[in-house]
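> The following block contains a protein sequence and its predicted model.
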Amino acid sequence: MRHMYITGSSLGRWLGTSLGCALLCGALSQVLLAQAGQNRPKSVDDAMNEIKQGQITPAALQRIARAGAVDAIPLLRQQFVRTEESLLKEAIASALVRLGDKDRTYWDFLETHARDVVQSDAPFPMSFDVQGNIVPKQFSQEFLDWAKTNHVDPQAAATTQMQSSPAQITFLAATGDQRGLELLRSAVASRNYFVEAVAARGLAKLQDVDSVPLIVTACKRAPADAAALIARSLVFFNTPPAQSAAETFIKNREVLDELRKISRDKGADALF
């Protein structure tokens, strides 16, 4: 008997208002955030006040990191020590690295958790039809067999695969730190299509043109819906092979045009 499931909250819960949420949830219009270098928006001060009051959210951390609010570093260091919830702790570490904190503690924390994701052999949970379209609320037989072999609950494992694991790669990829290059390249070969898509975005943020063939290979290997998601990163590489591949795998012309507009207006900085 096939198991049914409902994923609950989207990845946007952990990715805040970044392009990651836009791409995975389809809300492309939410990507237009204040850019670093502009006058500091009031929302950054509000975010810092929220964190001081113990209301720590990835969205608040995103606002601080994007604004380059380095005066938040001491506050975030304190919260990193106090926070016990793993994903939130990773979000804080990611913000600290993005703000230029050189303490290896934060990068090492991100790298360790991202490496665990990359090394996982768990397949993508959801089924696809013969056209490569995702089948909602239905686990694949391959995933069910994997869960049985590994003695894990399919529902819990699916939550990890579709929410926690992509978020962990996102927190590393969003830093734009060259130290993550090889790990992100490895993640593009993951069995988890959401992880592949996030890793591909990280490589696009790094503008690692040598990774374009790896991303294209991932697209070729994936079902059509997953390939279209992974290929969105290719739009942010200004090379003919990347643009040609993006047109091949992103069938929705409206989505492709919107992504190209974002790329023209914001560049790779819009990816996270």
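Received the coordinates, thanks. Numbering: from 1, shown residues only.

> Now residue 98: closest residue in space, sequence neighbours ignored.
Once flanking residues are discounted, residue 98 sits nearest to residue 65: 4.1 Å by CB to CB, 6 or more residues apart in numbering. Heads up, the C-betas are built off the backbone N, CA and C, glycines and all.

> does that neighbour really touch residue 91, like I thought?
No: counting by CB atoms under 8 Å, residue 65 does not reach residue 91; the two are 9.4 Å apart.

> Identify the residues contacting the residue nearest to residue 98.
Contact analysis of residue 65 by CB atoms under 8 Å, 6 or more residues apart in numbering lists 94-95, 98-99, 174.

> The residues you listed: which two are farthest apart?
For these, the maximum inter-member distance is 11.8 Å, found between 99 and 174 (CB to CB).

> of these two, who's got more company?
Set residue 99 next to residue 174 and count neighbours by other CB atoms under 10 Å: residue 174 wins out with 29 against 20.

> That one against residue 272, yeah?
Yes: the criterion here is CB under 8 Å, and residue 174 meets it with residue 272 at 3.8 Å.

> what kind of secondary structure is residue 135 in?
Assigned with DSSP: H, G, I helix; E, B strand; the rest coil, residue 135 falls in the strand class.

> before we move on, what SS does the nearest residue to it once chain neighbours are set aside have?
Of all residues not flanking residue 135 in the chain, residue 127 sits nearest, at 4.1 Å (CB to CB, 6+ apart). Taken by three-state DSSP, the conformation at residue 127 corresponds to strand.

> hang on, isn't residue 127 packed against residue 136?
No: here residue 127 does not reach residue 136: they are 9.0 Å apart, not a contact under CB under 8 Å.

> Which one of these two is surrounded by more residues?
residue 127 (19 against 11).

> Distance check, that one against residue 159.
17 Å (CB to CB, to the nearest Å).

> Do you have the strands of this structure handy? List them.
Using DSSP state E, the strands found in the chain span residues 126-128, 134-139.

> which residues touch the shortest one?
When contacts are taken as CB under 8 Å, 6+ apart, the neighbours of strand 126-128 outside the stretch itself are 134-136, 138-141, 143, 162, 223-226.

> Tell me the strands beside that strand, with direction?
strand 134-139 (antiparallel) (DSSP bridges).
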